[in-house]
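>>> need a structure here:
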Amino acid sequence: MRRIADPARAFPGLLTRSELNWGEQNDVQVAVDHVDYTRLPALAAAEAHAQRGHDIFGFLSPPAAYEDQVIDHASIIGEIERHVGPYSDLGMKSTYNPRTKGYFGVSDNYVPAPVLLASRPLELNR
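Okay, the predicted model is just below:
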């Protein structure tokens with residue numbers, strides 16, 4: 001699994017321990033690499049090109065460019081909906097391709113990023 005490094009710095013051991021526990025419960029060997037976000041796109045591209053590497057990547061935004069490299073995530077989304085309710089509209093719009101009728105990822109959360117609009121141009125030289 002490739003994952004962004006920043007959460008790991010904020011909560012050392014928390015993410016890795018839960019992932020390792022999941023692996024033990026499901027008889028799966030889990031290895032977690034914490035990678036700086038700025039390096040993640042290049043690493044994902046290299047592994048996709050080589051057709052080998054990590055099974056799971058955690059991106060801040062779902063990259064549709066890898067749709068041909070991944071499974072259809074519809075069954076995963078169905079399982080999530082079974083446990084926590086409907087998949088969000090934003091999640092669907094971010095991960096569903098209406099042309100192929102498939103999901104290329106799972107949007108597990110979102111962070112609102114409000115845009116601040118000034119009523120007049122900002123004056124930097126005050």
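>>> mind checking how far residue 56 is from residue 98?
As judged by Cβ to Cβ, to the nearest Å, residue 56 and residue 98 stand 25 Å apart. (Each C-beta comes from the backbone N, C-alpha and C, glycine too.)
>>> Could you break the chain into its assigned domains?
Structural domains annotated on the chain: 1-60, 62-109, as defined by automatic domain parsing.
>>> Make a markdown table out of the ones you listed and add mean neighbour count and mean pLDDT.
Listed next are the domains of the chain as a markdown table, based on neighbours: other Cβ atoms under 10 Å; pLDDT from 0 to 100:
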| stretch | mean neighbour count | mean pLDDT |
| --- | --- | --- |
| domain 1-60 | 13 | 78 |
| domain 62-109 | 14 | 92 |
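>>> Could I get the full set of strands for this protein?
Using DSSP state E, the strands of the chain run over 2-4, 33-35, 96-97, 102-103.
>>> any chance of these in a markdown table, plus distance to residue 64?
Putting the strands of the chain into a markdown table (distance: least, Cβ to Cβ, whole Å) gives the following:
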| stretch | distance to residue 64 |
| --- | --- |
| strand 2-4 | 18 |
| strand 33-35 | 21 |
| strand 96-97 | 7 |
| strand 102-103 | 11 |
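>>> and of those strands, who's closest to residue 74?
Of all those, strand 102-103 sits nearest to residue 74, with 5.2 Å by Cβ to Cβ.
>>> which secondary structure elements does that closest one contact?
Where contact means 3 or more Cβ pairs under 8 Å, 6 or more residues apart in numbering; DSSP states H and E, strand 102-103 is packed against helix 74-84, strand 96-97.
>>> for the closest residue to residue 105 other than its chain neighbours, what are its contacts?
With Cβ to Cβ, 6 or more residues apart in numbering as the criterion, residue 105 has its nearest non-adjacent residue at 4.0 Å, and that residue is residue 62. Applying Cβ atoms under 8 Å, 6 or more residues apart in numbering, we find residue 62 in contact with 94, 95, 104, 105, 107.
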